[in-house]
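Student: Fold the stuff below for me.
(2 chains)
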Amino acid sequence: MAAKISSGGVQSKGSRALDKVLFVVLALGAVVMVFPLFYMIMCSFMTKNQILSANFSVIPNPWKGGMYSEVLHKGLFLSGIRNSLTVALPVLVVGGFTSSLAAFSFAKLKFKGREQMFLALLATMMIPFAVVMIPQYVMFTKLGWTNGLLPLIIPGLFGNVSIIFFLRQNLSSIPNDMVDAAKIDGCTFFQIYYKVFLPMMKGALMTQIILWFMGIWNDYLAPTIFVQSEKWYTLQVVIRSFNDQYAVNSNYPLIMAASVIAMLPTLLLFFFFQRYIIESMALSGVKG
Amino acid sequence: MAATTATRPAKTSKPNMSRMALQEQRWGRLFVAAPFIGFCLFSAFPIVFAFVASLSNWTGTNSIFANLNGFSNYIELFTDSRFWMTVGTTIIYMIGIPVGMILGLLIATAMNRKIPGVKILRTMYYVPVVSSLVAVAILWTWVFNYDFGLLNTIIQAISGKHGPNWLGNEFWVKVAMIIFMVWKGLGSSVILYLSGLQNIPRDYYEAATIDGANGWQAFRNITIPLVSPVTFYLLITGIIGGFQVFVEVSVMVTNGGLNYSAATVVYYLWDTAFKHQRMGYGSAMAFILAIIIFIVTAINFKGQDKWVKTID
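Tutor: All right, here's what the predicted structure looks like:
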């Protein structure tokens, strides 16, 4: 804090020394944060004997990549990846469309009951999933959906409230004249959404869809409840069942390899879109 | 067509609405129809359903209406020591919320000085946040392993003594869970505090130095009050999320841990409804949980004027 004040002019020796100390502390903290993940990757290349040996080691000796090919040859693991993607794809495409269309309507079109409907949707963000999971489970069972992935897909197609909320905020800074101008140009309301506003919220929508993908990919509670047969397990449920199955004979390298692969897609997305993701996270927090 | 109707005064049955406005209303409603129908089907209806179910001895397969038993589920719940124990455990886990906030603010404050490599450091702190919860819970099960785990190996190396049985002891399992949750969530408080700090105008600190304030006083009287909206957001989302902890318990210990010592409310709820088929009782539990969350959030919002400040 003191350094911040003097940063405009002379920076004192003391504050520069403090900066160095702080850097070291922060770097150490950062290493502590990522070390478990690093260790996880290392373990996935070790042999079972090395992991369970009394002499603790971090670097695999010898390096064994065999666990990865073993994991990738397991039918359950591959079907897990396929199932997770089967859920994510339609939800993101259709749900992204319905969410952005609704956000446009809530932000820019006038209709009776708009505020009340919006508030009703916002209220759902406060309702814990735990409250609705039992009735949803029964509904989906009665419909015969629990014998497949529909319970994970269908609700998503109707849109995502936090995305609607975020995009609506995003659009509120755009002047309403845009709507009137487009009307005068003879656009239909759908064209106003599609040609004028969708391009404007493209960036924000993409970021939200990436975050939504991460949420779907990493989801665990809904899939454990709604998915009955192993055949339809999503990837997270699969690695959980690997954990139960292989911990018995201490096959930790295999468990770690499976977990590393399961984490990879979201981590890669994060690294590529880091700037947008962090920006959007920060925005939702500062606005409250 | 749109252009002509827009300029012409309307002749419709509704006196105060032009044809254009009426069209806008129709399309506007159509565009929000999907999420609204979704809301009715997957939130509103299930809530009413859950409430009715909570008044019955429902197993999921028998009839709800034939097995109505009034408020006896709720009465049973109030004397169910296992329920209150899991409520207690859930609240104990929330110790992680202030711990994460304090650490997050300190780290963000340090990062906010012109320190080299801030971007990389920020990313490193954030990686656990975007990692799959199941995968990192599996990882930490291994980190907390009594014999071979990373943590006990480090403890052994430093102190020469064997570390605690993290996941197999009623007390240490709670400590382990808190450590895990702080690790998983720290990155988001760092990011949020950092963006909060960047919004504080520099001249506030300059004015404070001129008035003779030292670093700690500036931190205490400028930084803390001005990041209070972030603190508030972290508190609210932390508490709402904290009441719904499930995956950690489900993955890291078996059957809720030794004597159910690691189980949270949602874990008990899941156990009751889906493992023991007591869906009516589970629904009652879900309802109490929702009410608790609602009350705590309402109290927070009421209390916010007392301590949440804004920059302008």
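
Student: And the residue of the stretch 101-250 of chain A that's closest to chain B?
Tutor: With C-beta to the nearest C-beta as the measure, A:Phe158 is the residue of the stretch 101-250 of chain A nearest to chain B, at 2.6 Å. In this view, the C-beta of every residue, glycine as well, is placed from N, C-alpha and C.

Student: what about the nearest residue to that residue once chain neighbours are set aside, which SS state?
Tutor: The spatial neighbour of A:Phe158 that comes closest, neighbours along the chain excluded (C-beta to C-beta, 6 or more residues apart in numbering or on different chains), is B:Gly38 at 2.6 Å. Under DSSP: H, G, I helix; E, B strand; the rest coil, B:Gly38 falls in the helix class.

Student: ok, now A:Ser53?
Tutor: A:Ser53 - assigned by three-state DSSP - is coil.

Student: tell me the pLDDT at it?
Tutor: Listed pLDDT for A:Ser53 reads 81.

Student: what's it sitting at in phi/psi?
Tutor: phi -80, psi 160 (degrees, to the nearest 10).

Student: State the distance from it to B:Val175.
Tutor: Going from A:Ser53 to B:Val175 by C-beta to C-beta, to the nearest Å gives 27 Å.

Student: More neighbours: the two, which one.
Tutor: The neighbour comparison of A:Ser53 against B:Val175 (other C-beta atoms under 10 Å in any protein chain shown) goes to B:Val175, with 15 against 12.

Student: Please, which helix or strand holds that one?
Tutor: helix B:172-198 (DSSP states H and E).

Student: so what secondary structure elements neighbour that helix?
Tutor: For helix B:172-198, the helices and strands in contact under the criterion 3 or more C-beta pairs under 8 Å, 6 or more residues apart in numbering or on different chains; DSSP states H and E are helix A:13-44, helix A:252-287, helix B:81-93, helix B:96-112, helix B:118-130, helix B:133-143, helix B:228-242, helix B:247-252.

Student: and with 6 Å instead?
Tutor: Other elements packing on helix B:172-198 under the criterion 3 or more C-beta pairs under 6 Å, 6 or more residues apart in numbering or on different chains; DSSP states H and E are helix A:252-287, helix B:96-112, helix B:118-130, helix B:228-242.

Student: Help me see whether the helix or strand following it makes contact with chain A, please.
Tutor: For helix B:172-198, the following helix or strand on the C-terminal side (DSSP H and E) is helix B:202-210. Yes: Helix B:202-210 is in contact with chain A by C-beta under 6 Å from any C-beta of the partner chain, via B:Tyr205, B:Glu206, B:Thr209.

Student: Could you say which helix or strand holds the residue lying closest to B:Phe83 once chain neighbours are set aside?
Tutor: Once flanking residues are discounted, B:Phe83 sits nearest to B:Leu77: 5.6 Å by C-beta to C-beta, 6+ apart. B:Leu77 is part of helix B:72-78 when elements are defined by DSSP H and E.

Student: how about that helix: buried residues?
Tutor: For helix B:72-78, the neighbour count (16 or more other C-beta atoms under 10 Å in any protein chain shown) marks B:Asn73, B:Leu77 as buried.

Student: how distant is stretch A:145-162 from the center of its chain?
Tutor: 16 Å (C-alpha atoms, centre = their mean, to the nearest Å).

Student: do the same with stretch A:166-186
Tutor: Chain-centre distance of stretch A:166-186: 29 Å, with C-alpha atoms, centre = their mean.

Student: Can you report how many residues lie near A:Trp63?
Tutor: Going by other C-beta under 10 Å, the residues that sit close to A:Trp63 add up to 11.

Student: which residues touch the spatially closest residue to it that is not a sequence neighbour?
Tutor: For A:Trp63, ignoring the flanking residues on the chain, the nearest one in space by C-beta to C-beta, 6+ apart is A:Phe45 at 5.1 Å. A:Phe45 is in contact with A:Pro60, A:Trp63, A:Lys64, counting by C-beta atoms under 6 Å, 6 or more residues apart in numbering or on different chains.

Student: so who does the last one touch?
Tutor: Taking C-beta under 6 Å, 6+ apart as the definition of contact, the neighbours of A:Lys64 are A:Phe45, A:Thr47.

Student: Mind doing that once more with 7 Å?
Tutor: Counting by C-beta atoms under 7 Å, 6 or more residues apart in numbering or on different chains, A:Lys64 makes contact with A:Phe45, A:Met46, A:Thr47.

Student: residues from the stretch 201-312 of chain B in reach of chain A?
Tutor: Residues of the stretch 201-312 of chain B lying close to chain A (C-beta under 7 Å from any C-beta of the partner chain) are B:205-206, B:209, B:215, B:218-219, B:223, B:229-230, B:232-233, B:243-244, B:246-247, B:251, B:266, B:269, B:273-274, B:279, B:282-283, B:286-287, B:289-290, B:293, B:297.

Student: Quick one: neighbours of the residue in the stretch 1-150 of chain B that chain A sits nearest to, just the number.
Tutor: Minimum separation of the stretch 1-150 of chain B from chain A (C-beta to the nearest C-beta) falls at B:Gly38, amounting to 2.6 Å. Applying other C-beta under 10 Å, we find 24 residues neighbouring B:Gly38.

Student: For the residue of the stretch 101-250 of chain A closest to chain B, give me its contacts.
Tutor: Residues in contact with A:Phe158 (C-beta under 7 Å, 6+ apart) are A:Thr98, B:Ala34, B:Pro35, B:Ile37, B:Gly38.

Student: weakest of the helices and strands packed on helix B:172-198 in terms of mean pLDDT?
Tutor: helix A:252-287 (a mean of 88).

Student: Report the buried residues of it.
Tutor: Of the residues in helix A:252-287, those buried by neighbour count under the rule 16+ other C-beta under 10 Å are A:252-263, A:265-267, A:269-270, A:273, A:276-278, A:280-286.

Student: cool, stretch B:64-73 as well?
Tutor: B:Ile64, B:Asn73.

Student: Show the contacting residues for A:Ala247.
Tutor: The contact partners of A:Ala247, by C-beta under 7 Å, 6+ apart, come to A:Ile255.

Student: Any idea which residue is closest to the centre of chain A?
Tutor: A centroid search over chain A (C-alpha atoms, centre = their mean) returns A:Met214, at 2.1 Å, as the residue closest to the centre.

Student: So for that one, what's the nearest residue that isn't a sequence neighbour?
Tutor: Excluding the flanking residues, the one nearest A:Met214 by C-beta to C-beta, 6+ apart is A:Thr266, at 4.7 Å.

Student: I'd guessed that neighbour sits against B:Ser132; true?
Tutor: Yes: the pair A:Thr266 / B:Ser132 is scored as a contact, 6.4 Å apart, by C-beta atoms under 7 Å.

Student: okay, now the domains of chain A?
Tutor: A:2-66, A:68-287 (automatic domain parsing).

Student: what distance separates the shortest one from the centre of its chain?
Tutor: Think domain A:2-66. 25 Å.

Student: just stretch A:189-200 next, same as before
Tutor: Distance, centroid of stretch A:189-200 to centroid of chain: 27 Å (C-alpha atoms, centre = their mean).

Student: close to chain B, is it?
Tutor: Yes: using C-beta under 7 Å from any C-beta, stretch A:189-200 reaches chain B at A:Phe189.

Student: List the buried residues for that stretch?
Tutor: By neighbour count with 16+ other C-beta under 10 Å, stretch A:189-200 contains the buried residues A:Phe189, A:Ile192, A:Tyr193, A:Val196, A:Phe197.

Student: Can you tell me which of these end up in helices?
Tutor: Among these, DSSP state H puts A:Phe189 in helices.

Student: Find the centremost residue of chain B, please.
Tutor: Geometric middle of chain B (C-alpha atoms, centre = their mean) lands on B:Gly241, at 1.8 Å.

Student: Now do that residue against A:Gln236, distance only.
Tutor: Distance of B:Gly241 to A:Gln236, computed by C-beta to C-beta: 18 Å.

Student: for A:Cys43, same thing?
Tutor: Taking C-beta to C-beta, one finds A:Cys43 at 19 Å from A:Gln236.

Student: Neighbour count: the two, which is higher?
Tutor: Neighbour count, other C-beta under 10 Å: between A:Cys43 and A:Gln236, A:Gln236 has more, with 26 against 23.
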